[in-house]
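1. Build the 3D model from these lines:
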Amino acid sequence: MYKIIIIISERMLYIYKDMTLIKYYKIAIGKPSTPTPVGNFKILQKIKNPGGPFGTRWMRFYKSYGIHGTNNPSSIGKDVSNGCVRMYNKDVEEVYDLVTIGSPVQIIN
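-> Modelled structure (predicted):
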């Protein structure tokens, strides 16, 4: 099973298969006024090509929060979102193809 671990302070997303690190990606996180939530979640929904600011993929993990692509690649690495985790479209497509509904998502500071 695949698991996503996001470390907010590093602005990085790590994907593990079982206990083995498979790959890691640079991300954008929530701005101080709308921080990315911390805790243990699961992938609840997956949508291909949601469009607009969500880029080419959307994976909801909590309420209206998700991991998604972007139509603004220069934002990656910054604290700019409304709490979602933003990735380059090519990167979020790789992650989307690996995880399933129910895959764990751990977000730590």
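
2. so how far is the first residue of stretch 60-76 from its last?
-> Taking C-alpha to C-alpha, to the nearest Å, the first and last residues of stretch 60-76 lie 19 Å apart.

3. What confidence value was assigned to the most centrally placed residue in the chain?
-> For the chain, the residue nearest the mean C-alpha position is Ile67 (3.1 Å; C-alpha atoms, centre = their mean). For Ile67, the model assigns a pLDDT of 98.

4. for Val38, same thing?
-> 98.

5. again with Gly51
-> What the model reports as pLDDT for Gly51 is 88.

6. what do you get for Tyr24?
-> For Tyr24, the model assigns a pLDDT of 98.

7. quick revisit: ok, the residue nearest to the centre of the chain - contacts?
-> Contact partners of Ile67, counting by C-beta atoms under 8 Å, 6 or more residues apart in numbering, are Ile4, Leu13, Trp58, Met59, Phe61, Cys84, Val85, Met87, Val92, Val95, Val105. For every residue, glycine as well, the C-beta is placed using N, CA and C.

8. Mind doing that once more with 7 Å?
-> Met59, Phe61, Val85, Met87, Val92, Val95 (C-beta atoms under 7 Å, 6 or more residues apart in numbering).

9. Figure out the helix or strand that it lives in.
-> strand 65-68 (DSSP states H and E).

10. Output that strand as CSV, nothing but the C-alphas.
-> Extracted in CSV, the C-alpha atoms of strand 65-68 (Å, rounded to 0.1, in the frame of the first residue of the first chain):
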residue,chain,number,x,y,z
TYR,A,65,-8.6,20.2,1.4
GLY,A,66,-6.8,18.3,-1.3
ILE,A,67,-3.5,17.5,-3.0
HIS,A,68,-3.7,18.9,-6.5
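
11. Restricted to strands, list the contacts of Ile67.
-> Met59, Phe61, Val85 (DSSP state E).
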